[in-house]
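In: Sequence first, predicted model second:
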Amino acid sequence: MQYPTFKQIFGYMVAIITGDLINSSESDPKIWLKILKKELNAVGKSPAYWEVYRGDSFQLLISNPLDALWVAIKIKVALKIMDSLDVRMSIGIGAKEYNAVKITEANGPAFIYSGEQFEQLKKEKVNLALKSAWELFDKEMNLYLKLALNIMDNWTTNAAEIVKLSMENPGKSQKELGKLIGLQQNTVSDRLKRAYYKDIMEVIDIYRIKLKRQL
């Protein structure tokens, strides 16, 4: 017997990222807010796709949930270029049942999952986790993310810079990436290795493969 997919049952499926900045008071808000809004605008326009509220909190709609982890890590690495700054995020995957002019006024399981998981982040002392209707998927992916965070939470400014550049230019060689920021190819290679870039990209690939099986 073949069971129906989530999409066949519920229809429109999205991912919602709920986040807030860590140590935002120690950095210039004019700078980090510009960086954050640039990343959010790359996904869609405010307020339908994203809003920043309570100073340093935000919510973001990802129309294709397969892209949600890539977007979350891209936001993290962009902010970690600023020394001492980091971000805490939860990803909720599910249906969007009510559309509104502002994302913070919309609702559905994706919003509920994202909010519930966000409340657990501080309690569990982790900076990135997800929640969906699939318990086994969540358990497995959150283990991968917890392990990956041992790397990502400790990215230096140099590591964050080269990871961000690589994510934005996936087709470029290390030599070409080096030319963009004035570094030799061997320096680019060393920084990518120290940032465990390949391993982090593999986590994103695993997320996409496993989530696609659920859709």
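Out: Received the coordinates, thanks. Everything quoted here is computed from the prediction, not taken from an experiment.
In: for the chain, what spans make up the strands?
Out: Secondary structure of the chain (DSSP state E): strands located at 13-22, 50-53, 57-62, 86-95, 128-131.
In: As CSV, those strands with mean neighbour count and mean pLDDT would be great.
Out: From N, CA and C alone the C-beta is placed, and that goes for glycine too. Compiled in CSV, these are given as follows (neighbours: other C-beta atoms under 10 Å; pLDDT from 0 to 100):
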stretch, mean neighbour count, mean pLDDT
strand 13-22, 23, 96
strand 50-53, 18, 96
strand 57-62, 23, 96
strand 86-95, 24, 96
strand 128-131, 24, 98
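In: Indicate which one of those strands is closest to Glu105.
Out: Nearest to Glu105 among those is strand 50-53 (9.3 Å), distances taken as C-beta to C-beta.
In: what's the spacing between the closest one and its chain's center?
Out: Averaging C-alpha positions (C-alpha atoms, centre = their mean, to the nearest Å) puts strand 50-53 15 Å from its chain's average.
In: Walk me through which strands that strand pairs with, and which way each runs.
Out: Strand 50-53 pairs in its sheet with strand 57-62 (antiparallel), by DSSP bridges.
In: and the partner strand with strand 86-95, angle?
Out: Between strand 57-62 and strand 86-95, the angle comes out at 40 degrees (axes from the mean of the first three to the mean of the last three C-alpha atoms, to 10 degrees).
In: and the gap between the nearest residue to Val52 once chain neighbours are set aside and Asn186?
Out: In space, Val52 comes closest to Phe58 once its chain neighbours are excluded; the distance is 4.7 Å by C-beta to C-beta, 6 or more residues apart in numbering. Distance of Phe58 to Asn186, computed by C-beta to C-beta, to the nearest Å: 38 Å.
In: measure stretch 14-28 end to end?
Out: One end of stretch 14-28 sits 32 Å from the other (C-alpha to C-alpha, to the nearest Å).
In: Could you measure from the residue nearest to Val52 over to Asp83?
Out: According to C-beta to C-beta, Phe58 and Asp83 sit 21 Å apart.
In: Over to Glu26?
Out: From Glu26 to Asp83 the distance is 9 Å (C-beta to C-beta).
In: Likewise for Leu183?
Out: Distance, Leu183 to Asp83, by C-beta to C-beta: 19 Å.
In: the more surrounded of those two?
Out: Comparing Leu183 with Asp83 by other C-beta atoms under 10 Å, the one with more neighbours is Leu183, at 20 against 11.
In: for that one, what are its contacts?
Out: The contact partners of Leu183, by C-beta atoms under 8 Å, 6 or more residues apart in numbering, come to Leu177, Arg191.
In: Kindly recompute the last result at 6 Å.
Out: Not one residue lies near Leu183 by C-beta atoms under 6 Å, 6 or more residues apart in numbering.
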